[in-house]
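Chemist: any chance you can model this:
(chains A and B)
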Amino acid sequence: MAVRDASERVTLAVRSKLRGELREHPEAFGLPEGGSEASKLNSLLEAGARALREEARHEAQGSLYEQMADDPEYAQAVKNATRSAFEDGLL
Amino acid sequence: MPIRRGVVYELLARGSDTVGLLVLTNDRWNDSRMAGVGVVPVRRSEPGTPTHFRPVLLDSGRLQALSTRLLHVEKPTLGQALTVLDGTQMGEVEDALCDVLALGRLCGEFPEPPHTVPGRVDYPQWAEIYYAGDLIDGEYKRHVVVSVDAWNRESRTPILVRTTSQTRWWGDAFPPIENGLARACCAEARVLPSIKVKTDPKSRPSPRSLNRWDMAAVARGLAFTFELQHALGRLGILLR
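Modeler: Predicted coordinates:
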C-alpha cells in the first residue's frame, strides 16, 4: 500500500511574472494545461526541491571525490582491479 | 580527455576481445582526480545461451554491452571515444544493472532483500562478506556481495563492493555500514570470479554478512554512484 506524505497549507507570495507565466504557459514548465493553479505550484515546488537537492548533492559529491582521490588504499585497489580484470579474462 | 558517462571508449590493450568500455560512473566522479572509473565491456555480438541477464545490443546488434559485468579500471585504460549511447540504450543498461543489483527492492521505502534461489549453495551469496581479490598492503580486503544470487549462481562472477574501516565521511558513494564502523566503496563495485572469493568458512571475516538496512544503504550508494536514479524512477522509486 502506498504511503502518502501529509500536506500542509502555507501562504506565500509568488512573483506576479512567474505566476503569469505559469498560468499562460504551464507546458513550458513541463506541467499539464489542466488542473488547478495550486496543483501546478505544488508540482513546481516539488520539481525545484528535487533539482536543488540534486545540485547540492552533486556539488558535495565532487569535493568529496577530490578528497578521496589521494587515498592510497583506493589507488592500490584500482590498480589491482584493472590488472585482475585482464588476468581473469573479464576484459 | 574528459570521460563521460554513457560513452563507449576504446580499450587500450592488446589481445582482448573487448572492443570498448562503456563508462557508468557519474560525471562528478569521472571529472574528479579518482584514478579509476566504473565500466562494462562492449564486445562483438555472438550467439549465446539466452538468459535472464542478457547483454544489451548496440550498433544495430553488431555489438553488445555486457551490462552485468561491472568493472572498475584505471582511467588510462580508456582510449578515444567510439560511440555515445542514446537514452533507450542507456536505459536498457541501467535497467539490467538495477535488476542484477536488486535496487528496485532495496531502494524503496521498505527495503526487501532479493529472492533466494533454490538449490545447492556453492557460490558467494548476496549480502555475505568475504575476503576477496588481490592483496592490498599485504592483506586481503573485505568485500560484500551485492549481486543477486540468481546471477551469482548462473555466472560464477558475483559483483562485489570493497569495504573499508576508514570511517570519515566521503559522501553518498561510501555509505556507512555496520553501525558506522565501516564504509562500502560503492564506485569500486566489480565482478570477480568466484574462485577469487574466499568462501571457506574458516577464512571468513566477522561479521559474516550485512543486514538488509546496510544492504539498502549500499544499494543507494550504488544508485548514486552509477546515476541510476532515473532507472529507479521508471520503477516508481524516488531516491531521496
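
Chemist: can we go C-alpha only for contacts and neighbour counts from here?
Modeler: Will do.

Chemist: and chain B, is the longest helix anywhere in chain A touching that?
Modeler: Secondary structure of chain A per DSSP state H: the longest helix is helix A:37-68. Yes: residues of helix A:37-68 contacting chain B under C-alpha under 8 Å from any C-alpha of the partner chain: A:58, A:60, A:61, A:62, A:64, A:65, A:66, A:67, A:68.

Chemist: next to chain A, which bits of chain B? Give me the list.
Modeler: Close to chain A, as judged by C-alpha under 8 Å from any C-alpha, chain B has residues B:16-18, B:28-29, B:32-36, B:41, B:69, B:71-74, B:133-134, B:136, B:170-172, B:188, B:193.

Chemist: PyMOL command to pick out the buried ones of the residues you listed?
Modeler: In PyMOL, a selection of the buried entries from these looks like this (16 or more other C-alpha atoms under 10 Å in any protein chain shown):
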select buried, chain B and resi 18+28+29+32+33+34+35+36+41+69+71+72+73+74+133+134+170+171+172+188+193
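
Chemist: before we move on, back to that, buried sites along the longest helix of chain A?
Modeler: A:40, A:41, A:44, A:58, A:61, A:62, A:64, A:65, A:66, A:68.

Chemist: can you show me the strands along chain B?
Modeler: In chain B, the strands defined using DSSP state E lie at B:7-11, B:18-23, B:36-44, B:56-58, B:63-65, B:71-74, B:78-84, B:129-136, B:139-145, B:159-164, B:176-177, B:182-191, B:197-198.

Chemist: so what's the closest residue to residue B:3 other than its chain neighbours up against?
Modeler: In this structure, residue B:3 finds its nearest non-sequential neighbour in residue B:30, 5.8 Å apart by C-alpha to C-alpha, 6 or more residues apart in numbering or on different chains. Contacts of residue B:30 were listed using C-alpha atoms under 8 Å, 6 or more residues apart in numbering or on different chains, and they are B:2, B:3, B:4, B:5, B:37.

Chemist: of those, grab the buried ones for ChimeraX.
Modeler: Here is the ChimeraX command that selects the buried residues among the contacts of residue B:30 (16+ other C-alpha under 10 Å):
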select /B:3,4,5,37
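
Chemist: nearest to chain A among the contacts of residue B:30?
Modeler: When the contacts of residue B:30 are compared for distance to chain A (C-alpha to the nearest C-alpha), residue B:37 wins out at 8.8 Å.

Chemist: possible to save the buried residues of helix A:37-68 as JSON lines with pLDDT?
Modeler: Output for the buried residues of helix A:37-68, formatted as JSON lines (pLDDT from 0 to 100):
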{"residue": "A:40", "pLDDT": "90"}
{"residue": "A:41", "pLDDT": "91"}
{"residue": "A:44", "pLDDT": "89"}
{"residue": "A:58", "pLDDT": "78"}
{"residue": "A:61", "pLDDT": "78"}
{"residue": "A:62", "pLDDT": "78"}
{"residue": "A:64", "pLDDT": "80"}
{"residue": "A:65", "pLDDT": "83"}
{"residue": "A:66", "pLDDT": "81"}
{"residue": "A:68", "pLDDT": "80"}
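
Chemist: now do the helix or strand bottoming out on mean pLDDT in chain A: which elements does it pack against?
Modeler: Lowest mean confidence among the helices and strands of chain A (mean pLDDT, DSSP states H and E): helix A:37-68, at a mean of 83. Helix A:37-68 is packed against helix B:27-31, with contacts defined by 3 or more C-alpha pairs under 8 Å, 6 or more residues apart in numbering or on different chains; DSSP states H and E.

Chemist: pick out the residue nearest the middle of the chain.
Modeler: Unless you meant another one, I'm taking chain A. For chain A, the residue sitting closest to the mean C-alpha position, by C-alpha atoms, centre = their mean, is residue A:54 at 3.0 Å.

Chemist: right idea, wrong chain: chain B
Modeler: With C-alpha atoms, centre = their mean applied to chain B, the nearest residue to centre is residue B:189, 4.1 Å.

Chemist: chain neighbours aside, what residue packs nearest to that residue?
Modeler: residue B:161 (4.5 Å).

Chemist: what's that neighbour in contact with, if anything?
Modeler: Counting by C-alpha under 8 Å, 6+ apart, residue B:161 has contacts B:143, B:144, B:145, B:146, B:184, B:185, B:186, B:187, B:188, B:189, B:190.

Chemist: tell me the spacing between it and chain A.
Modeler: 11 Å (C-alpha to the nearest C-alpha, to the nearest Å).

Chemist: got phi/psi on residue B:54?
Modeler: Dihedral pair for residue B:54: phi -80, psi 150, per degrees, to the nearest 10.

Chemist: okay, now it: neighbour count?
Modeler: Applying other C-alpha atoms under 10 Å in any protein chain shown, we find 15 other residues in the vicinity of residue B:54.

Chemist: check the one 4 residues further on too.
Modeler: If you count neighbours by other C-alpha under 10 Å, residue B:58 ends up with 19.
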